[in-house]
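Visitor: Please find the sequence and the predicted model below.
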Amino acid sequence: MVIDPVPCLWRCSVSGTDRTDRTDRTDICDSADRATTGQRRGCAGGATEQYDVGKALYVSKKCASCHGDHGDGNPKNPAVIGAAALPAKAPAGARLRASVTFATAKDVLDFVRTKMPIKEPGTLTDEEAAAVTSWMLAESKIDFAVKLEASTAGAIKLR
C-alpha cells in the first residue's frame, strides 16, 4: 500500500474523482497529476512542503531511534503514527505525558515542541516541531488542508 503524501482532499486526474483515501492507486494518480501540472498534488499554504520537511526531520532528529522507522513504537516508546498513536489520554505508566491530553493537533504540537527529542527537549524550532507533527498526523490519516502552525493547530481535531 502506498501512503498518500499529501494530508488533504485531492482530485485524481486519472479517475476524475475526489479522493481522501490512501489506496494502492495513489501512486498512479500522483504520477498523472505530476505529468499534468508538473508538480505534486498539494494543499494551500505549503502543507506538502511541510510534510516533506517533517518526514526528513523525523529521521535527522533521530525520532525513529525511539519510535521506530515507521512510527509504530515499541514496548518502551509509544507509537506516533497509526490507529493506536496519540491516544487522547496517556497510557498507564506514561511518565513524560502523564497529565497531557491529546485532543487537537495543537496539543501534540506543544508536546513535541517542548518535550522532544527526549534527550534534547525544547531544541526543535517552532517550524521543525510543526513539520514533524504535520507528518505524523498525515501518516495517521488525520486530514487537514492547511499548513500546521500554532495558530491553525487548535482547529484540527484528532478524532
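Guide: That came through, no problem. Residues are numbered from 1 along each chain as shown.

Visitor: mind listing the strands for this protein?
Guide: 10-11, 18-19 (DSSP state E).

Visitor: Would you single out the least confident of those strands?
Guide: Ranked by mean pLDDT, those bottom out at strand 10-11, with a mean of 38.

Visitor: Quick check: phi and psi on the nearest residue to residue 134 once chain neighbours are set aside?
Guide: In space, and not counting its chain neighbours, residue 134 is closest to residue 148: 4.1 Å by CB to CB, 6 or more residues apart in numbering. C-beta here means a position set from N, CA and C on the backbone, and glycine is covered the same way. The phi and psi torsions at residue 148 (degrees, to the nearest 10) take the values phi -80, psi 120.

Visitor: Tell me who's in contact with residue 148.
Guide: By CB atoms under 8 Å, 6 or more residues apart in numbering, the contact set of residue 148 is 47, 50, 105, 109, 130-131, 133-134, 137, 156.

Visitor: quick one: which of these sit in helices?
Guide: Under the assignment DSSP state H, those contribute 47, 50, 105, 109, 130-131, 133-134, 137 to helices.

Visitor: where in the protein is pLDDT low?
Guide: Applying pLDDT under 70 to the chain picks out residues 1-46.

Visitor: All the helices of it, in order from the start?
Guide: In the chain, the helices defined using DSSP H lie at 26-37, 47-60, 64-67, 105-115, 126-139, 150-153.

Visitor: and among the ones you listed, the most buried is which?
Guide: helix 126-139 (a mean of 24; mean count of other CB atoms under 10 Å).

Visitor: got the angle for it vs helix 47-60?
Guide: Helix 126-139 runs at 100 degrees relative to helix 47-60, counting by axes from the mean of the first three to the mean of the last three CA atoms, to 10 degrees.

Visitor: helices or strands next to helix 126-139 in the packing?
Guide: Applying 3 or more CB pairs under 8 Å, 6 or more residues apart in numbering; DSSP states H and E, we find helix 126-139 packed against helix 47-60, helix 105-115, helix 150-153.

Visitor: Stretch 149-159 spans what distance, first to last residue?
Guide: One end of stretch 149-159 sits 19 Å from the other (CA to CA, to the nearest Å).

Visitor: do the same with stretch 97-110
Guide: So stretch 97-110: terminal residues 12 Å apart, CA to CA.
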